[in-house]
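> Here is my input, please return the structure:
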Amino acid sequence: MPNSLVTGRQIKAARALVAWTRDELAEKAGVTAQTVKVVEKDDVVLEALASTRALLCRVLETAGITFLNGGSVGVQVVPREEGLRPEDLNASNDD
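Residues are numbered from 1 along each chain as shown. The predicted structure is shown next:
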């Protein structure tokens, strides 16, 4: 999903999923906590906040967040574990 379409609500939800405070996200993104608060309240996706919203999305994505906009808007955590994922298991990688 393009970061330009991510809502403030999705960013807030993503922050909650990774258990970061507003201050922690702000520090990781190099912005103020007040800026994060303003972006999180942006439910209409204001163009003026696009670059900051994209920055916050990139930081959250590095923590394993994926932003969704299929049948409904949402977020999910994608585990970033080493090794094989269950869906990659097959007879060819049995030891």
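> measure the closest residue to T32 other than its chain neighbours to A33 for me?
Of all residues not flanking T32 in the chain, A26 sits nearest, at 5.7 Å (Cβ to Cβ, 6 or more residues apart in numbering). C-betas here are computed from N, CA, C, even on glycine. As for A26, its distance to A33 is 4 Å (criterion: Cβ to Cβ, to the nearest Å).
> go on, Q10?
Taken as Cβ to Cβ, the spacing of Q10 relative to A33 amounts to 18 Å.
> thinking V31 is in contact with S51, fair?
No - with contacts defined as Cβ atoms under 8 Å, V31 does not count as touching S51, sitting 10.5 Å away.
> since we're on the residue nearest to T32, how many residues are nearby?
A26 is surrounded by 19 other residues when neighbours are defined as other Cβ atoms under 10 Å.
> do the same with the one 10 residues further on
Per other Cβ under 10 Å, the neighbour tally for V36 reads 25.
> residue ranges of the strands in this protein, please?
Counting by DSSP state E, the chain has these strands, from start to end: 65-69, 73-77.
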